[in-house]
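**Q** Sequence and predicted structure below; questions after.
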Amino acid sequence: MPQPYPGNPEKGPSRIRLHHLQQAKDNGEKFAMLTAYDVMMAEIFDSAGIEMLLVGDSAANTVLGYESTLPITLDEMITFTKAVANGAKRAMVVADLPFGSYEQSPAQAVATAVRLMKEGHAHAVKMEGTAQYAEHVQAMVLAGVPVIGHIGFTPQSEHALGGYRVQGRGDAVQQMKEDALALQNAGAFCILMEMVPSPVAAEIDAALAVPTIGIGAGNSTTGQVLVWQDMLGLGGRRTPRFVKKYADLREVVGNAVREYHQDVVSGSFPSAEYEFKE
Ligand SMILES: Nc1nc(=O)c2c([nH]1)NC[C@@H]1CN(c3ccc(C(=O)N[C@@H](CCC(=O)O)C(=O)O)cc3)CN21
Ligand SMILES: CC(C)C(=O)C(=O)O
Ligand SMILES: [Mg+2]
């Protein structure tokens, strides 16, 4: 992947587009995606060189506090997407199609994707689903919507899948490969695989012409994605095993806020430098 700023503002594309991601796959290079749900984190991730920002329906968990991704609405997703688009100068902004907003028909999927692009200013959408959703992908692509297919563990189907578990073991491998190929052939520009055994993800990546993104899918996918609150250690809840924790923001924020509280109750904040004079 061509490297952006920091330190290298001249080199690299001003906006990550589909062909840059395809080039990464073709050249054996990698790219990174992080979730984002608001403008400030979007700005930080964008300036740090993250190629793709995912406005995940994981906002249901990380922002709204639900136990699953099922309750988040399209209107809520549009609000978060707008905020992220406002902070993303270079990164491609991808929005999840939330549960219930696309399954009924290709037409419903198009209408939802159009709202995420027209009102949310997303550059692309991601849809959970198997080969049975190929027609949905085809209809969105025909309408000018770049689509990422999300296979493997698809959290919107947790109740159908029997909980949060690794997918694509044993007999399911061939089916998963066929799903990936069908979604690619329907026009998906990228396939995301969640909680898939690494050798299976590697095999599917090799079988596909388009780039892949992994989360809990090993090191052979073209790109990787993590939920930012997990990788920066903000989430207090148990984090999945595939998460590497790069910071402990829960501790950083907790300490700073405790200090502020202490300063206020002791009367040491605000001191003179924070006051307005007459
Ligand atoms: N904060 C957060 N991080 C995520 O990665 C994430 C979300 N939310 N919400 C939407 C989906 C749901 N995902 C998840 C959430 C939890 C596990 C999890 O608890 N995994 C355990 C158990 C796996 C098992 O039972 O086999 C693990 O140890 O990895 C996995 C994927 C990934 N996405
Ligand atoms: C975990 C990623 C892939 C996702 O779909 C989300 O954040 O909603
Ligand atoms: Mg999602």
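**A** Looks like it arrived, so ask away. Ligands and ions are numbered 1, 2, ... in the order given.
**Q** and stretch 57-68, does that touch ligand 1?
**A** Yes - using Cβ under 6 Å from any ligand atom, stretch 57-68 reaches ligand 1 at 58, 61-62. Placement of C-beta: from N, CA and C, glycine included.
**Q** Quick one: the strands in the protein, in order.
**A** With strands called from DSSP state E, the chain shows them at 31-35, 52-55, 92-96, 124-128, 147-152, 190-194, 212-215, 223-226.
**Q** which among the residues of stretch 57-68 next to ligand 1 are in contact with ligand 2?
**A** residue 58.
**Q** In JSON lines: the residues of stretch 57-68 next to ligand 1, plus pLDDT and neighbour count.
**A** What follows is the residues of stretch 57-68 next to ligand 1, written out as JSON lines (pLDDT from 0 to 100; neighbours: other Cβ atoms under 10 Å):
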{"residue": "58", "pLDDT": "98", "neighbour count": "21"}
{"residue": "61", "pLDDT": "96", "neighbour count": "20"}
{"residue": "62", "pLDDT": "96", "neighbour count": "19"}
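**Q** who touches stretch 196-205?
**A** Counting by Cβ atoms under 8 Å, 6 or more residues apart in numbering, stretch 196-205 makes contact with 151-153, 166-169, 173, 176-177, 180, 191, 193, 212, 214, 216-222, all of which sit outside it.
**Q** picking that back up, between the strands of the chain, which one is closest to residue 105.
**A** Proximity to residue 105 (Cβ to Cβ) singles out strand 124-128 among the strands of the chain, at 13.1 Å.
**Q** Sketch out the low-pLDDT regions of this structure for me.
**A** Applying pLDDT under 70 to the chain flags residues 1-11.
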